[in-house]
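In: got a sequence here, can you model it:
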Amino acid sequence: MAVHWSVLYLVLSLYVVMYVSCSKQPNIVIIVADDLGWDDVSFHGSNQIPTPNIDKLAHSGVILNNYYVSPICTPTRSALLTGRHPIHTGLQHSVITSGQPYGLNLNETTLAEYLKPLGYSSHMVGKWHLGFYMKEATPTYRGFQSYYGYYNGKKDYYDHTDDSNGWWGYDFRDSMNIVPRNETFGLYSTELFTKRAVKVIETHDTSTPLFLYLAHQAVHSANPEDPLQAPPEAVYQFTNIWNPHRRNFAGMVSKLDESVGQVTAALEKSGLMDNTIILFTTDNGGPANGFDMNYASNWPLRGVKATHWEGGVRGTGFIYSKLLEKSGYVNTEMLHVCDFVPTLYDLAGGNSSQLKYLDGMNVWSTLSAGKTSPRTEILHNIDPLEGRSAIRVGRYKLIVGSNAAWAGWYHPSGSLPDERSPSPLKNSAAVECAPPPDKFTGCPTYCLFDIQTDPCEYTDIADQYPETVEYMLKRLAYYNSTMVPPLHPPVDPNANPKLFDYTWSPWLNLTDQLPHFVKIP
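Out: As a prediction, the model looks like this:
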């Protein structure tokens, strides 16, 4: 009998191996829009800037209406690629400024690295912003087979230079090679990145699954002398917007939408679309009303990028795939950007329960079938250097230590209050609130909001629910006990691009002693 059981076990084991190897692993395409606000896409109900290609995917997929990102760029990108919260990677304070000698720690594993043993071909296009102080910190050393893009947080859309810290330099790479300036000068970043993404799709060997990470520069502001850049023909479409800054911004959104359409068409033409999962997400809320030289809109949500108000952390996003069990609806379950690593890893054939130190959760049943999310709380952030933090538990959100700066409600500049579209799906994806109050304050101590009934954060109810406040403060204290110190060293003068023929380049060696390294707790 023992022999019989051994034979049966062997047969079952071989069957499992054959099933996994024969199962078609999905292609994964992640598209990140930089600084895209809640009200900058028409699927949220605004008619000011039509986004037909983005809307088509969103309406045919699953719109994520209770989905959260970090309030700024670097932390969100680290969470998206590692599944770990920024408080556990040391990236919870600010962004990586050009010339700072740090990045996503080398002991962190990216989604591209997780997918490599599963047979994926991984490629990245666009903005990195996770450190380039040494070559080992850059994309092709972090699991990507190819990279076409720029290292820093911003640059000019046409000459591809970054003006930061009083320094100036060119920032464009093809893997580790500097892209010749005569190949890119005068050409628009969004179009260049789209062209490369389409090429990756068209030349992909379909015998292996594809992971494409397309992190657009759009719609982030460029250098201060000309912050909002778009081709004239894109801007001319928006004569209805009288504010010139918002009009230029609309042109940038239009080119982003055009890019999504071209990438989608390439996936269809190549025959990959039927087995592809597309995640579209912003990296943070929009910098509205001139914040960071930009004119995004989070209306009617409160606040802007870099704040803990809903306008800073509620993410514009959706999932599209023909593999979804249920589609064409608005998902209101609680989701966080950390959740995509375990979700996608499991779909690719891995077992995320075997991955260590993840903060994300597998939410595929929530995304695909509309089931209840396993997530009941979200830590928005703890920044010990600024003394600010925020947490969401169930329907309630606690904000600690935020002042009144950029804490208002900013209608999209350049037009009268727009009418919402009559489309039922658009209306269900829109956030509707009464007119905002004339006066507002920050939360120098703390504020409590019921996000379910008050998504625009009009009414602080902390005094009415002291037990809820106490519980949420305890949750913050717990997370604080797990936090690693923030990484934020001063700018290194050795990073000056002048020393590298006016090109932003890695300037340290792996063997150098780097005191800011931290170990995973």
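In: now the strands for the stretch 1-150 of the chain?
Out: Under the criterion DSSP state E, counting those that start in this stretch, the stretch 1-150 of the chain contains strands at 27-33, 62-64, 67-68, 121-127, 146-150.
In: and what of the stretch 201-350 of the chain?
Out: Going by DSSP E, counting those that start in this stretch, the stretch 201-350 of the chain shows strands at 210-215, 276-282, 317-321, 329-331, 335-336.
In: what packs against the shortest one?
Out: The reference is to strand 335-336. strand 67-68 (3 or more C-beta pairs under 8 Å, 6 or more residues apart in numbering; DSSP states H and E). All C-beta spots, glycine's among them, are computed from the backbone N, C-alpha and C.
In: same thing with the fourth one?
Out: Using 3+ C-beta pairs under 8 Å, 6+ apart as the contact criterion, the neighbours of strand 329-331 among helices and strands are strand 62-64, helix 424-429.
In: least reliable of those going by mean pLDDT?
Out: Ranked by mean pLDDT, these bottom out at helix 424-429, which scores a mean of 74.
In: still on that earlier bit, take the strands of the stretch 201-350 of the chain and write them to CSV, including distance to residue 406, mean pLDDT and mean neighbour count.
Out: Shown next, in CSV, are those (distance: least, C-beta to C-beta, whole Å; pLDDT from 0 to 100; neighbours: other C-beta atoms under 10 Å):
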stretch, distance to residue 406, mean pLDDT, mean neighbour count
strand 210-215, 25, 99, 26
strand 276-282, 17, 98, 23
strand 317-321, 22, 98, 25
strand 329-331, 28, 97, 20
strand 335-336, 23, 98, 26
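In: could I get these as TSV with distance to residue 38?
Out: Listed next are the strands of the stretch 201-350 of the chain as TSV, based on distance: least, C-beta to C-beta, whole Å:
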stretch	distance to residue 38
strand 210-215	20
strand 276-282	8
strand 317-321	10
strand 329-331	14
strand 335-336	15
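In: wait, which of the ones you listed is closest to residue 411?
Out: strand 276-282 (19.1 Å; C-beta to C-beta).
In: need the helices for the stretch 101-250 of the chain, in chain order.
Out: Along the stretch 101-250 of the chain, counting by DSSP state H, counting those that start in this stretch, helices occupy 111-115, 189-202, 232-235, 244-270.
In: how about those helices in JSON lines, adding mean pLDDT?
Out: Listed next are the helices of the stretch 101-250 of the chain as JSON lines, based on pLDDT from 0 to 100:
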{"stretch": "helix 111-115", "mean pLDDT": "98"}
{"stretch": "helix 189-202", "mean pLDDT": "98"}
{"stretch": "helix 232-235", "mean pLDDT": "98"}
{"stretch": "helix 244-270", "mean pLDDT": "98"}
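In: could these be laid out in TSV, adding mean neighbour count and distance to residue 430?
Out: Shown next, in TSV, are these (neighbours: other C-beta atoms under 10 Å; distance: least, C-beta to C-beta, whole Å):
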stretch	mean neighbour count	distance to residue 430
helix 111-115	22	31
helix 189-202	21	26
helix 232-235	15	25
helix 244-270	22	17
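In: which residue packs closest to residue 375, ignoring adjacent ones?
Out: Nearest residue to residue 375, sequence neighbours excluded (C-beta to C-beta, 6 or more residues apart in numbering): residue 334, at 4.8 Å.
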